[in-house]
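# This is the structure alone, sequence omitted:
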């Protein structure tokens, strides 16, 4: 098979060669490697597919990948929107990528609320728990996960989640219960449907929790982060919603006043004092 016959494989090989393993959450970086970028096996792990399946996809022996698989590979390769659209088309799929920026989807009332918490970690979640918008503190707090901004995907597939979250199992349970609740509220939401299919294939833990059929909302919660730069940060989260923006939630994490966590959060994302 010539390169012209396998443009998808050529594009995948070129794309993975451009990814620094450290940026993808893998130890070691580029130094000491015989090949540039990610190995096939590493792309497979990050995308939640088998190494054999990804090899067949890159070699042109797998001709009918699903939209969920192509989306997962695009995220693993850290592709920008235009490149992701190109990847879908090379795979013979019609891309439905949504707005250029997730922030464009956020209700204006929630965006205004983000600015009301300059010393807290505040972010807006969509129905599938994609992080649609953040304030600077939340942006710094989520930085260990790079460009990945879907909370269930972070909890179940991102390597950094093991060290950042001290109670990852509890967070996994509550997140899956809330995701199932949203799946009932928004049965036609393509983002939820595709995410459930993707994580069900990638994670036996997700599949077991999903099959329990338990539901629950994202209520007040206590979370502990261990950030690689700022150390341990303890936050109490409150959840706010807007009637005119079904499925969108504002989560605000605040530290105890005068605590070590408050100092760590301030050091992590120093903010200018209000005028």
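That came through fine. Worth saying up front: this structure is predicted, and the values here are computed from it rather than measured.

# from here on, contacts and neighbour counts on C-alpha atoms
OK.

# Just after the helix or strand hosting residue 198, pick out the following helix or strand.
Using DSSP states H and E, residue 198 maps to helix 190-202. Next helix or strand after helix 190-202 toward the C-terminus (DSSP H and E): helix 204-211.

# what angle do that following helix and helix 190-202 make?
Between the axes of helix 204-211 and helix 190-202, defined by axes from the mean of the first three to the mean of the last three Cα atoms, to 10 degrees, the angle is 130 degrees.

# Any buried residues in helix 204-211, and which?
Using 16 or more other Cα atoms under 10 Å as the test for burial, helix 204-211 gives 206-207, 209-210.

# In the very next helix or strand once past it, which residues are buried?
Next along the chain after helix 204-211, taking DSSP H and E as the criterion, comes strand 221-227. Burial within strand 221-227, assessed by neighbour count using 16+ other Cα under 10 Å, is assigned to 223-227.

# same check, this time on stretch 43-57
Buried residues in stretch 43-57 (16+ other Cα under 10 Å): 43-49, 51, 54-55, 57.

# Return the closest of these with respect to residue 37.
Using Cα to Cα, residue 43 is the member of the buried residues of stretch 43-57 that lies nearest residue 37, at 10.0 Å.

# Just list what the biggest helix by length in the chain packs against, helices and strands only.
In the chain, taking DSSP state H as the definition, the longest helix is helix 168-185. Secondary-structure packing of helix 168-185 (3 or more Cα pairs under 8 Å, 6 or more residues apart in numbering; DSSP states H and E): helix 151-157, helix 190-202, helix 204-211.

# can you pull the buried residues of the second one?
Read that as helix 190-202. For helix 190-202, a neighbour-count test (16+ other Cα under 10 Å) marks 192, 194-196, 198-200, 202 as buried.

# what stretches of the stretch 151-275 of the chain score poorly on pLDDT?
Scanning the stretch 151-275 of the chain for pLDDT under 70 picks out 269-275.

# Contacts for the longest strand seen in the chain next, please.
The longest strand of the chain (DSSP state E) is strand 231-241. Contact partners of strand 231-241, identified using Cα atoms under 8 Å, 6 or more residues apart in numbering, comprise 110, 218-227, 247-256, 260-262, 264-265.
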